[in-house]
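Peer 1: Sharing a model prediction with you, sequence too.
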Amino acid sequence: MKNRRKKIYTDFDIQGKLVVFLILMETLLMAGAIVYLYIDFQSIIENHLYSAHFASKDALFQQFVIAFVHVIIAVVLINLIALWLTHIIWSKHIDTILSTFRQILQNTSKLNLSAAGTNGKARHFVLRFLSSWLTLERNRSFRLRALCSRMDDRADLALIRSSTSEIQRLLKANPLFFREDESNEND
């Protein structure tokens, strides 16, 4: 339970647009339903206005109920279509982000720290964060490589010590590597 995610992530860019669209659609849908019921009820009342002595009141109520049921069915169907379209838009958005994210992670697992996986698609904050992390790791990797190349057989002891301490500092700066005190706690 302690490892459960406590932060709920939202994407205000796409979710905001979808919420605005759904609110506008519901407002227009309700306005259309009210206008339709008004016109339909008006015609039902007009048809029964002069035939009050010939038709029973049950038929009038049944026509009102039938018109109301038609509106309810239309509203439910339109809402189902809107939910289906929202699901398609949301899934496409998430799949775009995750496919880019997976590609970057695959490159990183092969120790390829280039930003080749982003292809300019770093619009989402997670991808921007991952891209900046890759840049930091790439710079750290270049620095480690340069420090290691300075230590050869001809290097003096002071240079080797300073390079070694700098390498240790760079390695400890990465949260992916365990520090000694953390690795002992997990045993």
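Peer 2: Structure's in. What do you need?
Peer 1: does the spatially closest residue to Arg138 that is not a sequence neighbour sit in a helix, a strand or a coil?
Peer 2: In space, and not counting its chain neighbours, Arg138 is closest to Leu113: 4.3 Å by C-beta to C-beta, 6 or more residues apart in numbering. Just so you know, the C-beta spots here come from the backbone N, C-alpha and C atoms, and that holds for glycine as well. The three-state assignment at Leu113 reads coil, by DSSP: H, G, I helix; E, B strand; the rest coil.
Peer 1: Could you verify my assumption that Leu113 touches Arg140?
Peer 2: No: assessed by C-beta atoms under 8 Å, Leu113 is found out of contact with Arg140, at 9.1 Å.
Peer 1: more neighbours, the two?
Peer 2: Leu113 (19 against 15; other C-beta atoms under 10 Å).
Peer 1: residue contacts, the more buried one?
Peer 2: Leu113 makes contact with Asn107, Leu134, Glu137, Arg138, Ser141, according to C-beta atoms under 8 Å, 6 or more residues apart in numbering.
Peer 1: And it, how far from Leu127?
Peer 2: 15 Å (C-beta to C-beta, to the nearest Å).
Peer 1: I'd like to know which of the contacts of Leu113 are buried.
Peer 2: Asn107, Leu134 (16 or more other C-beta atoms under 10 Å).
Peer 1: Toward the C-terminus from the helix or strand containing Trp90, list the very next helix or strand.
Peer 2: In the assignment (DSSP states H and E), Trp90 maps to helix 57-109. Helices and strands here follow DSSP H and E; after helix 57-109, the next one along the chain is helix 125-150.
Peer 1: got the domain boundaries for the chain?
Peer 2: Domain assignment for the chain by automatic domain parsing gives 10-112, 118-176.
Peer 1: what would the ones you listed look like in JSON lines with mean pLDDT?
Peer 2: Formatted as JSON lines, the domains of the chain follow (pLDDT from 0 to 100):
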{"stretch": "domain 10-112", "mean pLDDT": "85"}
{"stretch": "domain 118-176", "mean pLDDT": "72"}
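Peer 1: in the helix or strand where Ile44 lies, what's buried?
Peer 2: Using DSSP H and E, Ile44 sits in helix 12-49. By neighbour count on 16+ other C-beta under 10 Å, the buried set for helix 12-49 is Ile14, Leu18, Leu22, Met25, Leu29, Ala33, Asp40, Ile44.
Peer 1: Excluding residues flanking it in the chain, which one is nearest the third one?
Peer 2: In space, not counting the residues next to it along the chain, Leu22 is nearest to Ala82; the distance is 6.4 Å by C-beta to C-beta, 6+ apart.
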